[in-house]
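Colleague: Sequence first, then the predicted structure, then my questions.
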Amino acid sequence: MNVLHAASLRHLLRHPAQLLLALVGLVLGVGTIVAVDIATASARRAFELSLEAVNGAATHQIAGPPGGIDERLYVGLRTRPRAPGEPLLRFAPVVSGYATVGERVLQLIGIDPLASAELDGAGATDAPGFAVHGVREARAWFTDPGTVVMSSATARELGIGADGRFELAIGGVHHPATVMARSDDAGAGFAGLIVTDIAQAQEWLGARGRLSRIDVRVPDGTPGAALLAQLAAQLPAGVTLQATRAAARETFAMTDAFTTNLRAMSLLALLVGTLLIYGAMSFAVLQRRTIIAVLRALGATRREVLMMVLSEAAVLGVAGAVGGALLGLLIGRGLVGLVAQTINDLYFVVAVSEVSVPPGILVTAVAAGLGTALVAALLPALEVATGAPQLALARSVLERRALHVAGRLALASLLLALGAGAAIAASSRSLLAGFVALFLLLLSVAAVTPAALRALALAVARLGARVSPVVRLACVDIAASLSRTGVAIAALGMALAAMIGVAIMVESFRESLREWLIQTMRADVYVSAPGVSDSLERRLDPEVVRALLAVPGIRAHSEGRRVTVSSSGGPLDLNAVGLAPASYAGFRFTQGDPARAWPQFVRGDVLISEPLAWRLSLAPYDRLTLITDSGPRSFTVAGVYREYGNDRGEVLMDLAQYRRWWSDDGIAALGIYLVPTASAAQMVSALRAATHGRQALLIRSNADLRALSMRIFERTFVITRVLYWLAAGVAAVGLLSALLAWELERTRELALLRTLGLTPAATALLVLAQTTFMGLAALLAAIPAGLLTSLVLTEVINRRAFGWHIDLHLQPAQFTNALWLALAAALAAGLYPAWRSARLALAGGLREE
Amino acid sequence: MIGARALRRALVAISAALLPAGAPAAPLPERFTGAPPAEFAQALEVRPFVFPRDHGPHPEFRQEWWYVTGNLDATSGERFGFELTFFRFALAPPLAGDAPPASSAWRTRTLYMAHFAVTDVARGRFRFMQKLSREALGLAGAHSAPLRVWIDDWSLAQAAVAAGAGWTLQAAQPGYEIELTLEPRGAPVLNGEAGLSRKSDEPSAASYYYSIPRLDVRGRLLRDGRPLEVRGAAWLDREWGSGALGARQAGWDWFALQLDDGSALMFYALRDRDGRRDPHSAGTWTPAQAGADAHPLASADVAIDVTGEWRNARGERYPAGWRLQVPQLALDVSVRPVLADQELATTPRYWEGAVDVAGQRAGRSVRGRGYVELVGYAQER
C-alpha cells in the first residue's frame, strides 16, 4: 500500500462516524431506488404470472366486445373442416371474472382443462404425479357443482378447512364451492386465483354462451403471419386477434403513469443522497487539507491525489450500493404491498404473493451508488488536486472560497430555474421533460439555499448584535461555516421543497376530488353490484332493479353500466349512463358547450373525460373509433368533462346508444333521487329490504359513498408519502452528519467561548440555537421553492401523466410536516454537540490549536 | 413457466381417467380395477345386436370405443399404416330429464378421447396425436342414424342409415392427414359368447364386443400437405361396457390379422402380473368363405412364441415378433412389425402398430397384414 492510500485509510478510520453517516445517506438513496424497482417489478411479474397460470403457452388471443365472445365461435374454430395441409392451431377458451371470498377479491378463471392441456402441450405425454389423482377428481371437476382448484397458499389465506368447503360471492350472490385440489408448488401465478371448469364459471358469472377470450397457440416454426391473417379474416365483426404479449403489455401499461411517478420519487431520494455524498467528501477533503498539502509538497502528483479521493468515493459508492441493495430488498418487501394495493384500487386485480427481484437490480444499485459517489466526489477531488499546495494549508482561504461558491451557486440556481422553465416550455406533452424540469427546479433550490442561509445569518447577526454579542457571534459563525454546512443545508432545503410541493399537490388533489365528488354525485342513494368496477358479472339482477325502483319515495333515477371496450387506441373504459334530469349538472365541461353537447350525446355522440382527451389527444368534434359488436364504428366527441375517478380516462355514452351497439342490457349501478320528504338513511334500509336477499348489493347514501371514495384516494397516496418521507429521511441524516462534523470541529472555538465566560448551559444553548437556525433557514428557502414545486407537480407532472387539471389549494397544514422535519433534524443534529460542548474539558479543547 | 403444475396434474388426472379399461382396445387396466359403479348398465348377459343401431353410442354404459386400424398402399408404391380410435367415457350416468335451464352448455358428464397414428414405412416414421374433449356444444360426441363420432375435425361416420353402409374417416396431425372411405366386406362378427366378451372370473369384467374384420379402404393420405392416393384394408373394433380388468391382470397382446386368402384372425392374450397368459384370453376366427360362420377361439387354442424384442427410449421392453400357431386351423404364421417403434407415448403408453404376416395355412403358404396392440409393457410415470 502506498503512502497515499495509507493516509486515506488512516483518515477514514479515525473519522468513522462521519463516514458512516454519509454511507447511511447513500444507502437510503440507493435503497429507495432499488425498493421501488423491486416493488414495481414484483407487481409486473405477478401480473404476468397470473396470465401464464392458465394457457401459458398461448401466443395469441381472440378477444371481443365487453360482453365477451359467442362460444359458438370457439366451436366453429375447432370443428370447421381444414384446408389440406393447413397448420394446426391450438385453441383454449377462457371465461374470467372476479369472485369475493370474505373481504378479498380474487380472480376467477374458468377453463376447459382438456383444451388447456392440449394448448400447453402437456397433453398426456408427461404425467408427473398423476397417481395421486384419478377418476374421482375428474368426476368431481366435471360433475360436482362448485368444484375449484387453487394453490395451498391461497386456500390457507382464505381460511379454507380440510373439507375444502367455502363460499364465494359474485356480483353480490353467494355460492357454495369446494376446493377439489390444492397445490403446494403451484407457483406465484396461482396466487389469488380460483380456477374452475368453464361451465361453472359461466354459470357463476352469468356469462352463459359467452367466452372472455380464446387463447391461441401458433405452433413453432409455422409461417405465422399468413396463418394469423387467415384466422383474423374468419373472425366476426367486433372480435379481434392480438398477440398475447402485446395484450398483456397493453394491460400493464395502464400503470405506466403511476410507476413513472414512483420512480421519480425514488430518484429524488437518490438526488438528496448525491448532495450528501458531495458534502461528506468535501468535508473529508477539507479535514485533510494539511496532510494533502504535505503529500503534494512531498511529490504526490495531482493525478494521484485526485485518484485517492475518487477511489475513496468509489469504495464508499460500492459499499453504499451493496448496503442500498440490501436495504432496498427490505423496503421493497414493504412497498410491494402498497404498490399492489394501489394497482388494485386503480387498475386491475393482481395478487402479489412473491417479491421478485429484477435480474439487473444489482447493476442498478452499483450504477446508482458508484455513479452518485463519483459524481459527488468529483468536485472536491478536483478542488484539492488543482489547488496549490501552499494555499491548501489555509482554512480561511477555504471559507472564502466557499463564500465565493455560494455566490456562484446562487447564479447557478437562477440558471437551473431557467432550465426548468425551458424544459417545460420545450414540450407540452413529454412527462420526461416534466420530471427533468422538476429535478432542475429542486437542484435550483439546493443551489440557492447556502446563499440564502448566509444572507439570513448575516442579517440576523446585524440585528442581533444589539441584543447580545453572542447572537451576533453565533450568526456570523453560521455564515462563515458554509464550507462545512452549505451542502447539508442545500440537501435539506431540497428535500423540504419536495415535501412541501408534494403535500400541496396531494392536498390540492384531495380538494379537487372532493369538490368534484360533490358536484358529480348528485343522487341521494347509490346502488351497485359489488365486484371489480368494469367486470361483466357486476350487474344488477333485473328483478331486483324492478323491486328497488318500486320502493316509494323515489323521484328519479340514473342507470349506469361500466365496461371495457376495444378501440383503435387499445382498451378503453366505457361508462354507459341513462341520466336522471338532475344528473346532467354533475358534469363540468372543460371543453365543449354543454348546451350543444347534451342533445348530441343523446343522439349518439360521446363525451370523454379529461384524462382520455389528454391521452388520446382528442378534442370536441374529433372522432373516436370503438369496436362495437357489429365492428368498428366512429363516434363524435361532443365534449370533455372533468373526472378524477379514472386516470386512464373514460368514454361517456348514452345507455340507449350503448345497447344499440353492444348486445348487453345489464345495469351495474343506480343513482336514486328522493322526493323531498324522504330521508336517505330510511331509503337505504327500504332498498335493502326490497332486495329480499336475492342479491347482496352495495347500497350507500351519498355521504357514505363520498367518504369511501376519499378513503380509497388516501390509500393510493400512501406510497407517495412513504417515498417522500424516505427522501426526507436521507436529508435529515445528511444534516445530522454535517452539523455533527461541523460542531465537532469547532471544539476549540467553543472551548475559547467557555474560557471567556460562557456557561456550559449557554454553550449548549448556543449550539442548539445555531443548528435550529440553519434548519429554519433551509425551511424558509424551501417554502417558495415548495410552492413552485407544487405548481410543477400539478400543472406539469399530473397534467402530463394523467391529463387532469388540479386546482391549487393552499393550507398551513401542508407546511407543518416540513417544519417538523426541519426542526427535528436540526435539533437532533445539535443535541450531541451541545451536550459535548457543555462538558468540554477546556484545556484539551484549547490545546488543539 | 407454463402455468402451474397443480393444474397440470389435475389435467393429466382427468386425461388419465378418460382411458377406458377392461378390454383389448383399452390400455392401463390398473386404473379401473374393482367392480364398476352400480349406476351404469353392466354387460352381464348375451344380448341381441341390431345394426346399424349398435354402431352408435350406448350412453348407459360407462365406456365405449370405435377402433379402426388399417394397412394402406399408395399409388406411388409406398406403404402406410394408420390407427384412428375414438373413446367415450362417462364420468357419471346421464342425468334424467333436461338440464336445469341455468346450466352452461359446457356442462357435461361425458368425455371423449381420440388417437390418430400414422406409420410411414418408406420414411421409417411413426407419428401420433391425441385429442381429448368434452361432449358439449358439438365439440365432441357420437350419435347414431347415421353414426357419427367426432372430436373437433376428426371423425368417423357412416354415409347412410344402413347396416352395411360405408364409413368415412377424417383426421389430421402435423405432417399427416387422412380422408378415407371404408366399405365393409362382410357383416359384423360377434366376439366371445355371441358378442359378450368376458375378461375375468369377475362377472362385471365383461363387455359387448364386435368387429368388422375387413373393410376396403380408398382415399387420400396427405403427407406434409402433399396428397397421395391410397388403397388398403382396415379393421373395425367396437366395444362397450362398464367394467374393468381383473385385479391381477397387467396387460395384453392383441392381434388382428388379415390373411390374403380372405380369412381373419383376432386374438387377445391377457397377461397377469407375472407375465403368464391369463386363461380368459380369447379370439375369433373369421373364415374366408361367405356365409361361413366365425367361431371363437379359447386361450388353449392358440400358442404364441415371442421371436423378437424392441426397447423404447426409456429402455422398456416390448415383444417385437411372434410365431402364432392355431393347430385346429392348421395355421402357423410369423408376425413382424413393419417398423420397430410404433409406440404411442400417451397416458398410458402403448404400442399399436402395423405388422406383416407370413406362414402356412392348411399346408399352403399364406401371407397377410394386420395390427398388433401391446399394453402394459411401459411404466406409467
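Modeller: Received, thanks. Numbers count the residues shown, from 1 in each chain, chains lettered A, B, ... in the order given.
Colleague: Report the mean confidence score over stretch A:355-371.
Modeller: Computed over stretch A:355-371, the mean pLDDT rounds to 85.
Colleague: got it, and stretch A:262-275?
Modeller: Taken as a whole, stretch A:262-275 has a mean pLDDT of 79.
Colleague: could you pull out the strands for the stretch 1-150 of chain B?
Modeller: Using DSSP state E, counting those that start in this stretch, the strands of the stretch 1-150 of chain B run over residues B:63-74, B:79-90, B:110-120, B:125-134, B:140-143, B:148-151.
Colleague: Am I right that A:L316 is in a helix?
Modeller: Yes: read with DSSP: H, G, I helix; E, B strand; the rest coil, A:L316 is one of the residues of a helix.
Colleague: Around chain A, pick out the residues from the stretch 101-250 of chain B.
Modeller: By CB under 8 Å from any CB of the partner chain, the residues of the stretch 101-250 of chain B that approach chain A are B:102-109, B:111, B:130-134, B:136-139, B:150, B:152-153, B:172-174, B:177, B:222, B:224-227. All C-beta atoms are positioned from the backbone trio N, CA, C, and that covers glycine.
Colleague: List buried residues within these.
Modeller: For those, a burial check counting by 16 or more other CB atoms under 10 Å in any protein chain shown picks out B:104-109, B:111, B:130-134, B:136-137, B:139, B:150, B:152-153, B:172-173, B:177, B:222.
Colleague: what sits against A:S630?
Modeller: The contact partners of A:S630, taken as CB atoms under 8 Å, 6 or more residues apart in numbering or on different chains, are A:A237, A:G238, A:W661.
Colleague: what about it, distance to A:R660?
Modeller: 10 Å (CB to CB, to the nearest Å).
Colleague: Please determine how far the most centrally placed residue in chain A is located from chain B.
Modeller: For chain A, the residue nearest the mean C-alpha position is A:L262 (4.0 Å; CA atoms, centre = their mean). For A:L262, the distance to chain B equals 27 Å [CB to the nearest CB, to the nearest Å].
Colleague: So that residue lies in a helix, does it not?
Modeller: Yes: under three-state DSSP, A:L262 sits within a helix.
Colleague: so who does it touch?
Modeller: So A:L262 contacts A:V36, A:A39, A:T40, A:V339, A:I719, A:L723 (CB under 8 Å, 6+ apart).
Colleague: Out of the contacts of A:S630, which is nearest to chain B?
Modeller: Ranked by distance to chain B (CB to the nearest CB), the contacts of A:S630 are led by A:G238 at 20.7 Å.
Colleague: helix/strand/coil for the closest one?
Modeller: Per three-state DSSP, A:G238 ends up coil.
Colleague: Wait, it touches A:P66, no?
Modeller: No: contact criterion CB atoms under 8 Å: A:G238 and A:P66 do not qualify, at 10.0 Å.
Colleague: Next up, the contacts around the residue nearest to A:T691 when sequence neighbours are not counted.
Modeller: Spatial nearest neighbour of A:T691, excluding adjacent residues (CB to CB, 6 or more residues apart in numbering or on different chains): A:V544 at 5.4 Å. Taking CB under 8 Å, 6+ apart as the criterion, A:V544 is in contact with A:A690, A:T691, A:R694, A:Q695, A:L697.
Colleague: still on that earlier bit, buried among the contacts of A:S630? Make that a PyMOL selection.
Modeller: Typed into PyMOL, the line below selects the buried ones among the contacts of A:S630, using 16+ other CB under 10 Å:
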select buried, chain A and resi 238+661
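Colleague: Check which helices and strands the host helix or strand of A:L23 sits against.
Modeller: If you go by DSSP states H and E, A:L23 is part of helix A:16-52. For helix A:16-52, the elements it packs on are helix A:244-252, helix A:256-287, helix A:302-346, helix A:361-386, helix A:718-745, judged by 3 or more CB pairs under 8 Å, 6 or more residues apart in numbering or on different chains; DSSP states H and E.
Colleague: Identify the residues contacting B:L270.
Modeller: Neighbours of B:L270 in contact, by CB under 8 Å, 6+ apart: B:K199, B:L245, B:Q249, B:G251, B:W252, B:R277, B:D278, B:H280, B:S281.
Colleague: in the host helix or strand of it, what's buried?
Modeller: If you go by DSSP H and E, B:L270 is part of strand B:264-272. Applying a neighbour-count criterion of 16+ other CB under 10 Å, one finds B:A264, B:L265, B:M266, B:F267, B:Y268, B:A269, B:L270, B:R271 buried in strand B:264-272.
Colleague: Could you point out the helix or strand that follows the strand or helix carrying A:L492?
Modeller: If you go by DSSP H and E, A:L492 is part of helix A:482-520. Beyond helix A:482-520 on the C-terminal side, the first helix or strand identified by DSSP H and E is strand A:525-528.
Colleague: quick one: contacts of that following strand?
Modeller: Strand A:525-528 has contacts (CB under 8 Å, 6+ apart) with A:538, A:540, A:548, A:668-672, A:674, A:680, A:683-684, A:687, A:697-702, A:705.
Colleague: In ChimeraX, how would I select just the buried ones from those?
Modeller: This is how ChimeraX selects the buried members of the contacts of strand A:525-528, with burial counted by 16+ other CB under 10 Å:
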select /A:538,540,548,668,669,670,671,672,674,680,683,684,687,697,699,700,701,702,705
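Colleague: Restricted to strands, list the contacts of strand A:525-528.
Modeller: Among those, the members found in strands (DSSP state E) are A:A669, A:L670, A:G671, A:I672, A:L674, A:L698, A:I699, A:R700, A:S701.
Colleague: What is the lowest-pLDDT residue among those residues?
Modeller: Out of the ones in strands among the contacts of strand A:525-528, that is A:L698, at 83.
Colleague: Please verify my assumption that it contacts A:R538.
Modeller: No: at 10.2 Å, A:L698 does not count as touching A:R538 under the criterion of CB under 8 Å.
Colleague: How much space separates A:L231 from chain B?
Modeller: Taking CB to the nearest CB, one finds A:L231 at 15 Å from chain B.
Colleague: Can you tell me how far the closest residue to chain B within the stretch 451-600 of chain A is from A:I214?
Modeller: Of all residues in the stretch 451-600 of chain A, A:D541 sits closest to chain B, at 12.8 Å by CB to the nearest CB. Applying CB to CB, the value for A:D541 to A:I214 is 28 Å.
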